[in-house]
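# return atomic coordinates for the entry below.
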Amino acid sequence: MFDFSIVTQWFHELLVSFLPVGAAVFLECVLIGLFLLLLYALLACAMIFMERKVCAAYQCRLGPNRVGPWGVFQVFADVLKMLTKEIIEIRHADRFLYNLAPYIVVVASVLAFSCLPINKGMEILDFHVGVFFLMAASSIGVVGVLLAGWSSNNKYSLIGAMRSGAQMISYELSIGLSILTIVVLTDTMQFSEIVAQQADCWFIFKGHVPACIAFVIYLIAGNAETNRGPFDLPEAESELTAGYHTEYSGMHFGLFYVAEFVNLFIVAGMAATLFLGGWMPLHIPGLDGFNAAMDWIPGFVWFFGKAFFVVFLLMWMKWTFPRLRVDQILNLEWKYLVPIGLANMLLMAVVVVFRWHF
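Modelled structure (predicted):
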């Protein structure tokens, strides 16, 4: 498995050879930030196109097919349209908070996106307490959603924001319990170390029954955390027109739209990292030839392949189940997922103590 830290170390030494150390580090930070934003935007475009095609397949239609081959340029046409549309100022809104809210949502999304270990040596933020940082960074998005609903001075926006806040804060608990179940198994909160421990076998296989239960809980709670169907009550078009971003137009609405799809990829990327081995290839004990062939596939290909597989599962979930009522959403979390998650984490502790895992 190729280690990209060799490339980054060579590039750092090249910059230091003709720049002061401080200037070299600053330039590296700027380049990493630009790379992160570019990847963020490209993934958002890919996710929007995938959502439309998957939705069309489940509804027995074609989806976008006019702009470019197979409609691949339709998303870029929509981005251009959104960039050129007027941002309408709301008369009685709190102008500062109204304009600030979408940027808070995007900043929270970018910080969480930075925690994804794409390949060995390509970890942008890889702290020893990476799990805590991820959960803290992703929680900031709730603040942006609540500010958007309240500052718009619109009853539909406010109701959507309150629904979204209650839903996101509730389901963060189940996501945290699922992640902590893997932390109990690995005895580390550093994502690169969690991936490294799956070199011989992925946790979805060697983590025994508790890992499978945690994976299912994580998929359900992750879908609810991103306000996607069947948990899309905060944006219920039939009731709230567009929920907490009803009054937003132009690129302000675009920021909410992009952040929602990238948050979906973050949920899928974390599932791939925690349960499906991250950048680690598939190895089957005893099949040395097969394992050697799998090692030739680059780590980032494995990561994105697994992440988009989980994205497809989440989209499948959205376009299969009907929308839930708000009482059903909260009952599912507090009466079922939280107790099961707590019991499952205790079961994982027992499995680790008695070494019943593979």
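
# hey, let's count contacts and neighbours off CA atoms from now on
OK.

# state the mean pLDDT of the host helix or strand of residue 29.
Element membership of residue 29, judged by DSSP states H and E, is helix 21-58. Throughout helix 21-58, pLDDT has a mean value of 90.

# repeat for stretch 188-197
Averaged over stretch 188-197, pLDDT sits at 91.

# hmm, who's touching it?
For stretch 188-197, the external contacting residues (Cα atoms under 8 Å, 6 or more residues apart in numbering) are 115-117, 120, 123, 126-132, 183, 186, 273-274, 277-280.

# please repeat the previous calculation with a cut-off of 6 Å.
With Cα atoms under 6 Å, 6 or more residues apart in numbering as the test, stretch 188-197 has contacts from 127-131, 277-278.

# output the below-cut-off pLDDT ranges for the stretch 51-200 of the chain.
By pLDDT under 70, the stretch 51-200 of the chain has no low-scoring segment.

# can you pull out the helices in it?
74-84, 95-113, 130-151, 155-186, 191-196 (DSSP state H, counting those that start in this stretch).

# list the buried ones in the fourth one?
Along helix 155-186, the positions that meet the burial threshold by neighbour count (16 or more other Cα atoms under 10 Å) are 156-165, 167-168, 170-186.

# now do the second one
Buried residues in helix 95-113, defined by neighbour count with 16+ other Cα under 10 Å: 97-99, 101-113.

# and residue 247, what helix or strand is that in?
Here residue 247 is assigned to no helix or strand, by DSSP H and E.

# then the one 10 residues further on?
For residue 257, the element it lies in under DSSP H and E is helix 250-275.

# packing partners for that helix?
With contacts taken as 3 or more Cα pairs under 6 Å, 6 or more residues apart in numbering; DSSP states H and E, helix 250-275 sits against helix 21-58, helix 74-84, helix 95-113, helix 299-318.

# can you pull the contacts of the most centrally placed residue in the chain?
The centroid of the chain falls nearest to residue 266 when counting by Cα atoms, centre = their mean (1.5 Å). By Cα under 6 Å, 6+ apart, the contact set of residue 266 is residue 113.

# measure it to residue 207 for me?
As for residue 266, its distance to residue 207 is 22 Å (criterion: Cα to Cα, to the nearest Å).

# report pLDDT for residue 1.
Looking at residue 1, its pLDDT reads 66.

# could you find the closest non-adjacent residue to residue 283?
residue 291 (5.1 Å; Cα to Cα, 6 or more residues apart in numbering).

# that neighbour: which element?
Short version, using DSSP H and E: residue 291 is in helix 288-295.

# which residues does that helix contact?
For helix 288-295, using Cα under 6 Å, 6+ apart, the contacting residues are 281, 283.

# with stretch 216-230 instead?
Stretch 216-230 is contacted by residues 168, 171, 175, 178, 231, 267, 318, 321-324 when judged by Cα under 6 Å, 6+ apart.

# how about a cut-off of 8 Å?
Around stretch 216-230, the neighbours that count as contacts under Cα under 8 Å, 6+ apart are 164, 167-168, 171-172, 174-175, 178, 231-235, 260, 263-264, 267, 271, 314, 317-319, 321-324, 337, 341.

# sorry, back to before: what about the residue nearest to the centre of the chain, distance to residue 12?
Per Cα to Cα, residue 266 is found 28 Å from residue 12.

# can you check residue 342 too?
Distance, residue 342 to residue 12, by Cα to Cα: 45 Å.

# equivalent analysis for residue 193, please.
Counting by Cα to Cα - residue 193 and residue 12 are separated by 24 Å.

# now do residue 187
32 Å.

# rewinding a little: buried subset of the contacts of stretch 216-230?
For these, a burial check counting by 16+ other Cα under 10 Å picks out 164, 167-168, 171-172, 174-175, 178, 231-235, 260, 263-264, 267, 271, 314, 317-319, 323, 337, 341.

# so what's residue 268 up against?
Residue 268 sits next to 307-308, 310-311 when contact means Cα under 8 Å, 6+ apart.

# 10 Å instead?
Residues in contact with residue 268 (Cα atoms under 10 Å, 6 or more residues apart in numbering) are 218-219, 222-223, 262, 274, 304, 306-314.

# now residue 82
Neighbour list for residue 82: 76, 249-254 [criterion: Cα under 10 Å, 6+ apart].

# tabulate the residues you listed in JSON lines, adding columns for distance to residue 143.
Shown next, in JSON lines, are these (distance: Cα to Cα, whole Å):
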{"residue": "76", "distance to residue 143": "29"}
{"residue": "249", "distance to residue 143": "20"}
{"residue": "250", "distance to residue 143": "21"}
{"residue": "251", "distance to residue 143": "19"}
{"residue": "252", "distance to residue 143": "16"}
{"residue": "253", "distance to residue 143": "16"}
{"residue": "254", "distance to residue 143": "18"}
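
# which of the residues you listed count as buried?
Buried among the contacts of residue 82 by 16+ other Cα under 10 Å: 249-254.

# may I see the helices and strands packed on helix 250-275 organised as TSV, with distance to residue 140 added?
Output for those, formatted as TSV (distance: least, Cα to Cα, whole Å):
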stretch	distance to residue 140
helix 21-58	18
helix 74-84	25
helix 95-113	6
helix 299-318	23
